[in-house]
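Engineer: next input, structure requested:
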Amino acid sequence: MSENPVQALFHNFEQVANFVQHHASNFIGNLQSSGPSSRGSVNASIKVPFAKTTSPVQPIDPVLKGKSSSPVTKEDLGRSTWTFLHTLAAQYPDKPTRQQKKDVKELVQILSRMYPCMECADHFKEVLRSNPVQAGSHAEFSQWLCHVHNVVNRSIGKPVFPCERVDARWGKLECEQKACEIIGSTSIFGKM
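Structural biologist: Numbers count the residues shown, from 1 in each chain. Presented below is the predicted three-dimensional model:
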């Protein structure tokens with residue numbers, strides 16, 4: 001029996017949200033515990049919806065915020081999206097399961113349909129028509145993503161990245177207890 005594609009999408013987004021929440025709370029906690037005490041106290045009991053991690057998300061101190069009160073630009077969104085995708089590719093297994101291949105292809109297709117910048121989404125759809133997702137292995141997916149990123153960069157007049165250096169630039173995340181591994185449809189934090 002096949003899973004509803006929307007259910008799979010929410011499951012994937014939930015996994016990403018849990019991953020980001022877990023690591024952001026660790027990062028924010030480290031910043032706040034190492035910073036000056038003049039920043040004020042932090043309410044550690046606030047949690048984000050969908051949270052399955054035991055690490056609470058703490059509000060960001062206004063001193064740490066910087067210029068984050070301004071709206072996200074198209075360029076910021078693009079950089080963040082490419083960072084996410086390249087990081088995902090860096091974690092992608094050498095021998096992915098059939099489900100992992102299907103999931104990563106679906107994720108890329110969903111991004112091309114739901115990306116918040118319509119002009120960017122339409123362009124990405126065109127790029128994907130000419131360059132279908134290649135996800136047979138870590139190397140194949142990383143190189144495909146680098147190639148596609150370079151296609152986009154050329155079209156907007158940005159320099160291209162030498163794809164032979166993709167692993168050096170985006171290498172594996174350093175995570176405790178293999179918490180960064182992509183494991184298909186299973187939650188990356190296990191049953192909680």
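Engineer: all contacts plus neighbour counts: C-alpha atoms, from now on.
Structural biologist: Will do.
Engineer: which of the helices and strands in this protein ranks last by mean pLDDT?
Structural biologist: Ranked by mean pLDDT, DSSP states H and E, the weakest helix or strand in the chain is helix 62-65, scoring a mean of 46.
Engineer: which SSE is immediately downstream of it?
Structural biologist: Once helix 62-65 ends, the next helix or strand along the chain (criterion: DSSP states H and E) is helix 74-91.
Engineer: buried ones in that next one, by neighbour count?
Structural biologist: Burial within helix 74-91, assessed by neighbour count using 16 or more other C-alpha atoms under 10 Å, is assigned to 85-91.
Engineer: same check, this time on stretch 146-163
Structural biologist: 146-152, 163.
Engineer: for the helix or strand where Leu128 lies, packing partners?
Structural biologist: According to DSSP H and E, Leu128 maps onto helix 118-130. With contacts defined as 3 or more C-alpha pairs under 8 Å, 6 or more residues apart in numbering; DSSP states H and E, helix 118-130 has these neighbours: helix 98-114, helix 138-155.
Engineer: go again with 7 Å.
Structural biologist: Other elements packing on helix 118-130 under the criterion 3 or more C-alpha pairs under 7 Å, 6 or more residues apart in numbering; DSSP states H and E are helix 98-114.
Engineer: lovely, talk soon.
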